[in-house]
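J.: Sequence first, predicted model second:
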Amino acid sequence: MTKLTNSLKRYWQVVGLAVIVILGFSVFGYARTQVHAASGRTKIVFWHEMKGPGQKQLNSFITAFNKSQTKYEVVPQFQGSYNAVIQKIMNTHGTTASPAVFQSMDISSSQMYHSGYTVPVQKFIDRDNYDISQISSVARGVATRNNKLLAMPFNTSQTTLFYNAGLLKKYGIKPLPVSPSYSDISRVSSQLYQKSNHKIKGMSVEAYSWLFEQFLSNANEEFANHHDGHVGIADKVKFTGPVAIESMKWLQGRVKAGDFMNYGNSKNEMAAFLSGKLGLFMQTSADTSLLIKGLGKDLGVTYYPHPDGVKPNGISVGGASMWIANDKSATVQEGAWQFIKFLVSAQTQAKWEKATGYLAINNKATQEPVLKQLYAKYPMTKIPGDQLKSAKANYTNSGIFVDGVVAARALIENAMQQIYAGKDVKQSLQTAENSYNKVLKSTNRANGHG
Amino acid sequence: MENATMNRAMFKRRLGKTAKYTMLLILALIIIFPFVLGLWTSFLPSMDIAKGALWSSHLSLNNYVAAFTQTKILQYLLNSLIISTLVMFAHVFFCSLGAYAFVFLKFKYRDQLFYAVLATMMLPFEAEVIPNFVTVKCLGLLNHYSVMVIPFLTSAFGIFMLRQAFLQIPRDLKEAADVDGLNHWQFYWRVTLPYAKISLFTLAAYSFLGSWNQYLWPMLTTFSDHLRPVQDGLRQLQSEETFNDWDMIQASAAIVVIPTLIVLFIGQHYFKSGLNEGAVK
Amino acid sequence: MGIELQGITKTYDSKQAPVLSDINAEIQDGELFVIVGPSGCGKSTLLRMIAGIIPISAGVLKINGQVMNGVSPKDRNLSMVFQSYALYPFLTVADNVAFGLKARKMAPAEIEQRVNDALSMVDLTEYRDRKPRALSGGQRQRVALARAIASDSKICLMDEPLSNLDAQLRVQMRAEIRELQRKLNLTLIYVTHDQTEAMTMADHVMVLHDQQVQQIASPLTIYNQPANSFVAQFFGTPQINLLTANTAGTQASPRLTMTNELQLDLDKPLAAGTYTVGIRPNALSCRPVADDDGNATVINVETLGDQTIIEAVLDDDTEVRIVEAGQVHVALAQRVLVTALGPAFIFDETDTLIAEKRGLQDARVVAVN
Amino acid sequence: MLESLPSTKKTQPTSSHEPQAQPQVKSPVASFELRKNDKYYAWLFLGPSLLLLSIFVFYPMLRTLYLSLFLTDNFGEPTVFVGLQNYLHLLKSAPYLASLKATTTYVVGVASLTIVFGLLLAAMANQKLRGIEFFRTIFTATMGVSVSVSAIFWLFMFNPTIGVLNQVIMFFGHQPIAWLTTPGWAMVAVIVTSVWMHLGFTFLLFFGALQSVPKSLYDAADVAGASSRYQFWHITLPMISPTMFFVAVITLISAFKSFGLIDLMTAGGPTNATNLLVYRIYKDAFMNGNYAQASTESIILAIIIALITLIQFKLLAKRVNY
């Protein structure tokens, strides 16, 4: 046997070498993800999903924060889409790959809460006696449970109606009121389409579930039972309420009339809008800065539409909040909290709103010179913020507190596409509702919620 | 009369030639156009691209400067290079060891084991990502180079391919080696590997490319730009919410594709003969 | 009418020398015409030009009096058997034979008939449903023949059809092909590099070498009156001995001396000078002599039973081969005296045959192989 | 895959250790010793591969099968055993069936177009023409392109406002096409991109196959009176049919596994029109967190691919002795 082992020296050498090389590189790679930067500060790994102007501005905030103090170093890591990041958090929690602080969207609040993977920021607020009232209450609504703030809202947006005021003027069409009803919009849209000899499409609403949710929200109609999940585990959704039907019928009517165009995604929609081929559309206020760059003072902005004869209830915010993970040391969590405080300060939020179009959620931000100048130059940029302030937080405008809304959104978007393609409104929505109720039933069963 | 037939034949031949060249040019254009367009736009300012003004004369290398400075494209390339090289060597080594065992060793259940290995060729990796993700997570490999290396150290395909190659080695050689007192390791190292060099190269190229083109797995298992391989890195440049920075994206794509094209064109002959011999015989 | 080649030339690249130049020949109907030459001499090229597979660069090709340059192969109405047989591996024997007939859209009944006839002619009827892969070399060769037969054209081209067979089968197939050719009254142009095939099969032989025709004649003429030293050397086994010889003195003389005692007396005197003399091995004789006598040393002896081939080195360092009838016992390194029995060919400095000497020894000419 | 075997035409290596025929005496001893140790070596040589295959192939397959029989909670853990209910649900679910249908369209489209165009390229490149090497090189160019680069190039081509395709369409006075946002066109777009990506490799395989058809077969057919079209159908195609089959299978399998292209170009949209099987698995697992359903889909995918592979093995065995 010894003879054999001797002759196999080469085997062990090669296998050993292979193992050492692979392990070596792994350790090398591992070391690069680890905590200590050259400066000896504590690394705070931060996951975010910001692109374009948002990413640029966020990175400069991080640079500023890292410069401002000596203990922590925030390391941003871009993670792609909001949709993907929820499962990434669920999947990496407790490993070295997971972040200390992360940005996650409004509708993920419930899942983050139920996971038990995060430290509610309320803990730090209470400890520091942080004045939370400076933060917009509607914005806080999406991440609040039992009056405790789970995560700090950071990039908050409102769904906003954008229109091309220049085109309206050109064709002599009366502008929209600040808070338009469905029929106000129909009027402008069809006039624009007719007067431009069908050269210009009147309106577009992306087949995007967030917009559907906001139709319900603005008319105080619930999406899921137990008050959109805010007071218990939702086990039924309703996509076929009167407002859901009405809004979708309205849009389908516009499609039939010809002045509505489905562009497929927001990129195309914006391109058409900027090139003057589309009169109005609804999207996140985060697009404002880009649209202003293109249209300047011709950009028109209004609140999100409400059904005729219904008082607008206000809409829930979009965007995302900052969560602190509980799988990191107290020092790291502390660093994350310091970073969050920095991000929601009035100065930071003012710059944020100017650079992106996300709304400054710090009420004091409007006093900052940055925003004052912006509002003076482009008064319409103030409107989404006004919309946010005009609403009183209640269950239907504080987001949907249900696990797995990502899947529901896919179903609703499918239904919207079908509706735009001319299928029966009620039936399309009913299919989506039934499908999601089934999903909900089995996820609740799987998660032990009955 | 003779002249007439001959002229007609010549005319026909010339016409045929023109038609052939036209066809070849059209096909070549279809193949090459996306490259050319991509390369061209990588020199244009983004404003011109956004307007669709592709006949711009404002050519510059600015986009490349931007790609190198503002994105982690070099880091991505380096990551891919390290990962793919590791996979390539390890893959060839472990597969050849396994293949050797199936050809030159006699042991119990050898055929059964071989069929079991063969059966795994039918199982797509894509269908197994869920448990595999959990496995690498439990092994603590997430967000490391090793997570993109270790699952690909061996493959049923590689073992199978090399087994076929080793089967071509004359049995006499093994018997002669037995007579000379070479043990299996020596025979593997000194005879089998040199003998099947071409197959080893083919497998090496195959596994390198396979690793280089990995997309889904790194997307699931890496979370930081320090470690992302190039395919996943390019994905990060693609915007989801706002306009694409086409200028920078095209420049990055060019940075990624140009080296591979150069390698491909230089390695033409090897590829052609290697693949033709290797792939279908 | 037959086939006429007039000044046929093949050039692949205008910058390069032609691979065949100015080939002239006339092939009679119903004859077996062999084109022979060492490999690379262009014989296959010539055959392919006749078939129309490659174009003719210059010259005129006439088949039955009609100019065929530029006419596509399928309109030349000929058949061809390839060295590799060119059988379609995915078709059965019968389908292979029927391939051309089907391509020409012949009536199915007619095809069936012809295939059956052709297969029975080459004794392959029972193999008709096999794939080529399942046949032996000889059988594949027969399939190729059957295909040519089935086409029913009167001109058949064969490109080294036997070169992939073993020696015994080759001898057998030679006879079969000859027989078929006679039976079907084919005009058969047969390319080979094997002089034995040429000698045994041909009505006429064309010898190709150095891009040119060396000689066209019947096999015996070629053997007996080779036009030049190349032809002389190419035919006959063992190879002919080519020796340098001088006339004695400065006057025209009938006596040529190769080395001291190896001399040749001609019927007519030759002008003084140096010549090449070709003497077939059986026209030399050798006799053992004492150690410091004779004019050559034996270096190798091959005993074949009915004859003995002796290789010896002349004192001027030329090697010669000598065939003696019967079993001769000569030791290696034995000194011998080599003498010429008579028959010989004399070539001048341009390698052209200028004189020949016939002798009684003609009777001793051994059948080739 | 069976066919991708390198034919080793190497001669014996000339190392100093090259075994020389040595006499008898040592032989029985040596081989006895070796035979005895074979088991030990087998473990050494096969061990690493078997271990890795067990961890990353055998186990996950079983685990996936197991998960597909349960409901999984938000953490991906199986909690409620439901038997085959996941399968029944899936096979009755309209979106999944639509996904299957879309995948079929995609896979068949990609495979057939790749074969047709690959063959066309190879046939064109197989001619004797001046400068043909240049074209051959061009035709292999897409081999050097990875998924993400292809997607980027073609996304730009398909861009509705600045894309070249629409500019051409508009130049001819037609309405621009919303390539990636209309269900039918989106499918066309991903198929086109995928075919383009596969062409280089397919071309190379076909070109090699064409080159290996003996020239004499065509000469014989020429003499026998077959037109070039007849020769293409009755000689070329049968002769390269093994390659064609091989290409069909690898393209089919690779198309079934398409993920990157979909993720980058359409993300499965619009209205799930390009939500192919693998992308659906990814979405269900890593976006919707429904691991049980994703596992069920994985098993179905594995069955489909296994079937194709099996058919390949079967047909190959038949084809070996043509």
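T.: Thanks, I have it.
J.: Point out where the stretch 1-150 of chain B drops to low pLDDT.
T.: B:1-10, B:50-52 (pLDDT under 70).
J.: Could you show which parts of it are in contact with chain A?
T.: Residues of the stretch 1-150 of chain B lying close to chain A (CB under 8 Å from any CB of the partner chain) are B:82, B:86, B:89-90, B:93, B:133, B:137, B:140-146, B:149-150. C-betas here are computed from N, CA, C, even on glycine.
J.: sec struct for the residue nearest the centre of chain A, please.
T.: Most central in chain A under CA atoms, centre = their mean is residue A:319, positioned 2.6 Å from the mean C-alpha point. Following DSSP: H, G, I helix; E, B strand; the rest coil, residue A:319 is assigned to strand.
J.: can you tell me how far it sits from residue A:280?
T.: Separation of residue A:319 from residue A:280 (CB to CB, to the nearest Å) stands at 22 Å.
J.: if I look at residue A:240, how far off is chain D?
T.: Relative to chain D, residue A:240 is positioned 18 Å away (CB to the nearest CB, to the nearest Å).
J.: which residues does that residue contact?
T.: Contact analysis of residue A:240 by CB atoms under 8 Å, 6 or more residues apart in numbering or on different chains lists A:426, A:429-430, A:433.
J.: and it, which of the three is it?
T.: Going by three-state DSSP: residue A:240 is coil.
J.: Let me see the confidence value for it.
T.: Predicted confidence (pLDDT) at residue A:240: the value is 94.
J.: Nearest to chain B: which residue in the stretch 151-300 of chain C?
T.: At 20.0 Å from chain B, residue C:155 is the closest residue in the stretch 151-300 of chain C, using CB to the nearest CB.
J.: Just give the closest residue to that residue, not the sequence neighbours.
T.: Counting by CB to CB, 6 or more residues apart in numbering or on different chains, residue C:78 is the residue found nearest to residue C:155 once chain neighbours are left out, at 4.0 Å.
J.: contacting residues around the one you found?
T.: With CB under 8 Å, 6+ apart, residue C:78 has these contacts: C:50-51, C:63, C:153, C:155-157, D:223.
J.: Nearest to residue A:272 among these?
T.: For the contacts of residue C:78, the minimum distance to residue A:272 (CB to CB) is 64.6 Å, reached by residue D:223.
J.: what's the spacing between that closest one and residue C:119?
T.: 20 Å.
J.: In terms of neighbours, single out the busier of these two.
T.: residue D:223 (29 against 22; other CB atoms under 10 Å in any protein chain shown).
J.: I'd say residue D:67 and residue B:128 touch.
T.: No - taking contacts as CB atoms under 8 Å, residue D:67 lies outside contact range of residue B:128: 10.9 Å.
J.: Which parts of chain A belong to which domain?
T.: For chain A, the structural domains run A:42-156+A:318-380, A:159-314+A:404-446, going by automatic domain parsing.
J.: Residues of chain D that sit close to chain A?
T.: Residues of chain D lying near chain A (CB under 8 Å from any CB): D:37, D:40, D:44, D:48, D:70-76, D:79-80, D:89, D:93, D:95, D:160-161, D:178, D:180-182, D:269-272, D:283, D:285-290, D:292.
J.: For PyMOL, write the selection for the buried entries among those.
T.: In PyMOL syntax, the buried subset of the residues of chain D next to chain A is picked out as below (16 or more other CB atoms under 10 Å in any protein chain shown):
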select buried, chain D and resi 37+40+44+48+70+71+72+73+74+75+76+89+95+160+161+178+180+181+182+269+270+271+272+283+285+286+287+288+289+290+292
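J.: Now, the residues of chain D next to chain A that are in strands?
T.: Taking DSSP state E as the definition of strands, the residues of chain D next to chain A contribute D:70-72, D:79-80.
J.: Closest residue of the stretch 1-150 of chain D to chain A?
T.: Relative to chain A, the nearest point of the stretch 1-150 of chain D is residue D:71 (3.7 Å; CB to the nearest CB).
J.: show me the contacts for the closest residue to that residue other than its chain neighbours.
T.: Distances taken as CB to CB, 6+ apart place residue A:446 nearest to residue D:71, at 3.7 Å, with adjacent residues excluded. Going by CB under 8 Å, 6+ apart, residue A:446 touches D:70-73, D:79-80, D:292.
J.: For residue D:115, see how far away residue A:446 is.
T.: The value you get for residue A:446 to residue D:115, if CB to CB is used, is 44 Å.
J.: Over to residue B:219?
T.: 30 Å.
J.: go on, residue C:196?
T.: With CB to CB as the criterion, residue C:196 and residue D:115 are 50 Å apart.
J.: Between these two, which is the more surrounded one?
T.: More crowded of residue C:196 and residue D:115, by other CB under 10 Å: residue D:115, with 20 against 17.
J.: and that one, what is it in contact with?
T.: Residues in contact with residue D:115 (CB under 8 Å, 6+ apart) are D:202, D:244, D:247-248, D:251.
J.: Tally up the residues packed near the closest residue to chain B within the stretch 151-300 of chain D, please.
T.: The minimum distance from the stretch 151-300 of chain D to chain B, using CB to the nearest CB, falls at residue D:208 (3.1 Å). Residue D:208 has 22 neighbouring residues, counting by other CB under 10 Å.
J.: tell me which element it is part of?
T.: helix D:183-211 (DSSP states H and E).
J.: what mean pLDDT does that helix have?
T.: Helix D:183-211 comes out at a mean pLDDT of 91.
J.: check whether it contacts chain C.
T.: No - against chain C, helix D:183-211 shows no contacts by CB under 8 Å from any CB, the least distance being 13.4 Å.
J.: following that helix, which helix or strand shows up next?
T.: Following helix D:183-211 in sequence order, the next helix or strand is helix D:215-224 (DSSP H and E).
J.: Can you list the neighbours in contact with that next one?
T.: With CB under 8 Å, 6+ apart, helix D:215-224 has contacts from C:48, C:51-53, C:72-74, C:76, C:78-80, C:82-84, C:86, C:88, C:99-100, C:103-104, C:147, C:151, C:157, D:230-231, D:234-235, D:239.
J.: Is it possible to mark the buried ones in the residues you listed?
T.: By neighbour count, with 16+ other CB under 10 Å, those hold C:48, C:51-53, C:73-74, C:76, C:78-80, C:82-84, C:86, C:88, C:99-100, C:103, C:147, C:151, C:157, D:230-231, D:234-235, D:239 as buried.
J.: Residue B:49: which element?
T.: helix B:46-51.
J.: Check the spatially most central residue of chain B and give its pLDDT.
T.: Nearest to the geometric centre of chain B sits residue B:209, at 1.8 Å (CA atoms, centre = their mean). Residue B:209 is assigned 85 on the pLDDT scale.
J.: cool, and residue C:218?
T.: Model confidence at residue C:218 (pLDDT) stands at 92.
J.: contacts for stretch D:175-194?
T.: Residues contacting stretch D:175-194 (CB under 8 Å, 6+ apart): A:263-265, A:268, D:102, D:105-106, D:109-110, D:113-114, D:150-151, D:154-155, D:158-161, D:163, D:165-166, D:169-170, D:255, D:258, D:261-262, D:265-266, D:269-271, D:273-274.
J.: Which of those fall in helices?
T.: A:268, D:102, D:105-106, D:109-110, D:113-114, D:150-151, D:154-155, D:158, D:165-166, D:169-170, D:255, D:261-262, D:265 (DSSP state H).
J.: and stretch D:38-56, is it in reach of chain B?
T.: Yes - contact of stretch D:38-56 with chain B (CB under 8 Å from any CB) involves D:38-39, D:41-42, D:44-46, D:48-50, D:52-53, D:55-56.
J.: longest single helix anywhere in chain B?
T.: Per DSSP H, chain B has its longest helix at helix B:2-41.
J.: how far does stretch A:151-162 sit from the chain's center?
T.: Computed by CA atoms, centre = their mean, to the nearest Å, the chain-centroid distance of stretch A:151-162 equals 7 Å.
J.: Great, nothing more from me.
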